[in-house]
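Colleague: Dropping the sequence and predicted coords here.
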Amino acid sequence: MDPDSPLKPRVLGLDVGSKTIGMAISDPLGFTAQGLTTVRRKNKRLDFEQLNKIIAEYQVSEIVVGYPLRLSGIEGIQSGKMQLFAEELRKKFALPVHLWDERLTSSQANRILRESEISIKKRGEAVDRMAAVLILQSWMEARSAPVDP
């Protein structure tokens, strides 16, 4: 990629659940996260094949995985599962993988979708994608925020 180009390497955001993986991708300028199709999980091999297609299509340079902490901020069983999943992503795709606090993203996604007045059926389909967008967007904003002296 041209160092003088305003285009940024793309970042993939994932909201990983037991049945689905919500996905979002950063825009070419690195300002916003946009939702992608949600992956219906089948098995690890097929899940990773679908992720591989997205990584290749968007020339992804790094991945952000939602990290489920308890409201108190401590890790739980799901946190350990995401650490293992992130490690598998690092090994499989040889990309940097970041875990990012996802507390409240699903409830925030549900609230946004409720306010948008889309049907309950469509809301259920969109919540994972919206959660992935919120995870990636908050990670991008934190990364670009100026550091206080």
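Modeller: Arrived safely.
Colleague: drop to CA atoms for contacts and neighbour counts, all remaining ones
Modeller: OK.
Colleague: Tell me if I am right that L99 is in a strand.
Modeller: Yes: membership of L99 in a strand is supported by DSSP: H, G, I helix; E, B strand; the rest coil.
Colleague: From L46, how far off is it?
Modeller: Using CA to CA, to the nearest Å, L99 is found at 22 Å from L46.
Colleague: These two: who's more crowded?
Modeller: Here L99 and L46 are compared on neighbour count by other CA atoms under 10 Å; more neighbours surround L99, at 19 against 13.
Colleague: can you pull the contacts of that one?
Modeller: The contact partners of L99, taken as CA atoms under 8 Å, 6 or more residues apart in numbering, are V64, V65, G66, Y67, M82, Q83, A86.
Colleague: got the contact list for the helix or strand hosting V133?
Modeller: Counting by DSSP states H and E, the element that carries V133 is helix 120-144. For helix 120-144, the external contacting residues (CA under 8 Å, 6+ apart) are 11-15, 20-26, 30-38, 64-66, 100-102, 105-106, 108-110, 113-114.
Colleague: Type out the ChimeraX command that picks the buried ones from the residues you listed.
Modeller: This is how ChimeraX selects the buried members of the contacts of helix 120-144, with burial counted by 16 or more other CA atoms under 10 Å:
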select :11,12,13,14,15,20,21,22,23,24,25,26,30,32,33,34,35,36,38,64,65,66,100,101,102,105,106,109,110,113
